[in-house]
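**Q** missing the sequence, but the structure's below:
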């Protein structure tokens, strides 16, 4: 038969009715003494209720009279020594550690705010996918900002715009983007549909920041967020940089632009990343005898920003034996006369009138510069805009 395990190294002292036992030469912390073990001095015993350190233990008031520097024995019978008991104690310790002011609750990717039923005041909630951080105060989760932002300046992914055309409705696909300050990540967890009515939060509601929707007018599309609740929505504005934000919304990012038709409905287009293409190309130039001086021509691309316009151009010449060279250029670069040695993108004569497809950067008035080397009453120039490439706020 195996004897009952015990520990008796050193000597002990305890006063009559005392609750603290002091030891000399003892090592009580660790496995030698645990709460629930039995302390025996002479013929008297007491349950150990706590182990303070290697030389002090706590017991109920001692009934065995004053003892000083005497032998003792600790019988190792604590329930904590049984299989599973230590694991239970460790779990209790872990739960107690987690249930503190510093414990983080984690917020799901699809959630906009933490579950209000979780947490106590002064606890934090973190959304790892975005870095958003909340603090619970007065029973409410309060947005604190971002614990980390590791994405590059101008970052944008998804958020593709679409419309059936001849309709007041449009949609924005799920995606994310750094805001206009390049400090905060805006996350649209699912696609959202909006209309041309006055802005109201939520899918299916209006998106216009001010006024009423106008005919044949460009509108810039913004992703917006109110930081106190984390709600992300979509806004329309004629401004390319300063939309009128709804109350409590402070963050925004321009993600594209759309144009209404003559009935204040959207003109159909398709989008692939930063490239936008009209469903039907738009004729923006049809000039007879355009002259040989540089002219600025407005294309069907968004104003207020610089874009790379894509267009088809054609020049016809009726005068026999005359060749016309045409140069299409960015208004921001120095004007130059077209020639026949490379400073021209299109050559035309009476037997040759090619259609060329070009891409040229516009100014913020949606214009490019066109200059011909020859012009008379028989010269005609046409230009059809196919679409444009825009950075969607990457440069600002």
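**A** That came through fine. All figures in this text were calculated on a predicted structure; none of them were measured in a lab.

**Q** ok, and what's touching stretch 235-242?
**A** The contact list for stretch 235-242 (CB atoms under 8 Å, 6 or more residues apart in numbering) reads 194, 196, 199, 207-210, 217-224, 243-246, 249, 252, 254, 257, 302-305, 364, 396. No exception for glycine: its C-beta is placed from N, CA and C like everyone else's.

**Q** now residue 331: which helix or strand?
**A** Using DSSP states H and E, residue 331 maps to neither a helix nor a strand.

**Q** doesn't residue 366 make contact with it?
**A** No. Distance between residue 331 and residue 366: 10.6 Å, which falls outside the contact criterion (CB atoms under 8 Å).

**Q** so these two - more neighbours on which side?
**A** Neighbours per residue, other CB atoms under 10 Å: of residue 331 and residue 366, the larger number sits with residue 366, 23 against 17.

**Q** now the more buried one: how far from residue 115?
**A** Going from residue 366 to residue 115 by CB to CB, to the nearest Å gives 47 Å.

**Q** then residue 267?
**A** Counting by CB to CB, the gap from residue 267 to residue 115 is 43 Å.

**Q** cool, residue 106 as well?
**A** In this view, residue 106 and residue 115 are 10 Å apart by CB to CB.

**Q** now swap in residue 213 and tell me
**A** Taken as CB to CB, the span from residue 213 to residue 115 is 38 Å.

**Q** what do you get for residue 216?
**A** Applying CB to CB to residue 216 and residue 115 gives a distance of 47 Å.

**Q** please name the bridge partners of the residue nearest to residue 348 when sequence neighbours are not counted.
**A** Residue nearest to residue 348 in three dimensions, not counting chain neighbours: residue 315, with 4.3 Å by CB to CB, 6 or more residues apart in numbering. Taking DSSP bridges as the rule, residue 315 bridges to residue 381.

**Q** hang on, residue 315 packs against residue 356?
**A** No. Judged on CB under 8 Å, residue 315 makes no contact with residue 356 at a distance of 9.2 Å.

**Q** look at those two and report which has more neighbours.
**A** The residue with more neighbours, out of residue 315 and residue 356, is residue 315; 27 against 15, by other CB under 10 Å.

**Q** now do the same for the more buried one: its pLDDT.
**A** The per-residue pLDDT reported for residue 315 equals 84.

**Q** for residue 205, same thing?
**A** 97.

**Q** that one contacts residue 196, correct?
**A** No. Taking contacts as CB under 8 Å, residue 205 lies outside contact range of residue 196: 10.9 Å.

**Q** so these two - more neighbours on which side?
**A** The neighbour comparison of residue 205 against residue 196 (other CB under 10 Å) goes to residue 196, with 21 against 16.

**Q** among the contacts of stretch 235-242, the buried ones, what's the ChimeraX command?
**A** Here is the ChimeraX selection string for the buried members of these, based on 16 or more other CB atoms under 10 Å:
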select :194,196,199,207,208,209,218,219,220,221,222,223,224,243,245,249,252,254,257,302,303,304,305
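
**Q** how about the strands in the stretch 51-200 of the chain?
**A** Per DSSP state E, counting those that start in this stretch, the stretch 51-200 of the chain carries strands over the ranges 56-58, 67-70, 73-75, 104-106, 124-127, 132-137, 140-146, 156-158, 161-162, 169-172, 175-178, 185-188, 192-198.

**Q** per-domain residue ranges of this structure.
**A** 6-81, 104-146, 156-270, 275-389 (automatic domain parsing).

**Q** between those, which gets the lowest average pLDDT?
**A** Across the domains of the chain, domain 104-146 gives the lowest mean pLDDT, at a mean of 82.

**Q** pretty sure residue 274 sits against residue 392.
**A** Yes. With contact defined as CB under 8 Å, residue 274 reaches residue 392; the gap is 6.0 Å.

**Q** now the strands for the stretch 251-396 of the chain?
**A** 251-259, 269-272, 275-288, 295-298, 308-316, 324-329, 346-348, 355-361, 367-372, 380-389.
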